[in-house]
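In: With the input below, show me the fold.
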Amino acid sequence: MSVWRLEGGQRANPQGMRETDADGRIGDLVDGALAAGVYRLTFDVAGYFKKQGAAAGFLSRVTLDFEVADASRRYHIPLLVSPFSCASYRGS
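Out: Residues are numbered from 1 along each chain as shown. Next up is the predicted model:
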């Protein structure tokens, strides 16, 4: 997964790349403190399934844009994905 910070509504500044752990989670989204702002997460879904030994599906990449309004809060953004569909929501 790649992490971008969106500035000026369009310009995306790279913040790094992360890989899920054995539980399918990413502990820290960025190095250091997460600042308030708009971020983009891009998941290489096709690469993930290929690594798992699964056949390629319909989706190749999933991108989520979200806003961090309060950097002191914890953010949980689940991505539920299969080779043919995905869903996400603001978790607790």
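In: Could you tell me which residues make contact with Pro78?
Out: Pro78 is in contact with 88-89, 91, counting by CB atoms under 8 Å, 6 or more residues apart in numbering. Any C-beta I mention is one placed from the backbone N, CA and C, and that applies to glycine too.
In: Most neighbours out of the residues you listed, which is it?
Out: Neighbour counts for the contacts of Pro78, by other CB atoms under 10 Å, peak at Ser88, which reaches 15 neighbours.
In: For beta bridges, what are the partners of that one?
Out: Leu79 (DSSP bridges).
In: just checking, it touches Leu64?
Out: Yes. If you go by CB atoms under 8 Å, Ser88 and Leu64 touch, sitting 5.7 Å apart.
In: between the two, what contacts are shared?
Out: 77, 79.
In: Buried ones in the helix or strand hosting Phe66, by neighbour count?
Out: Secondary-structure assignment from DSSP states H and E places Phe66 in strand 62-68. For strand 62-68, a neighbour-count test (16 or more other CB atoms under 10 Å) marks 62, 68 as buried.
In: Can you tell me what sits against it?
Out: The contact list for strand 62-68 (CB under 8 Å, 6+ apart) reads 6, 34-43, 45, 75, 77, 79, 81, 86, 88, 90.
In: Now the buried members of those residues.
Out: The neighbour count (16+ other CB under 10 Å) marks 6, 34, 38-43, 45, 79, 81 as buried among the contacts of strand 62-68.
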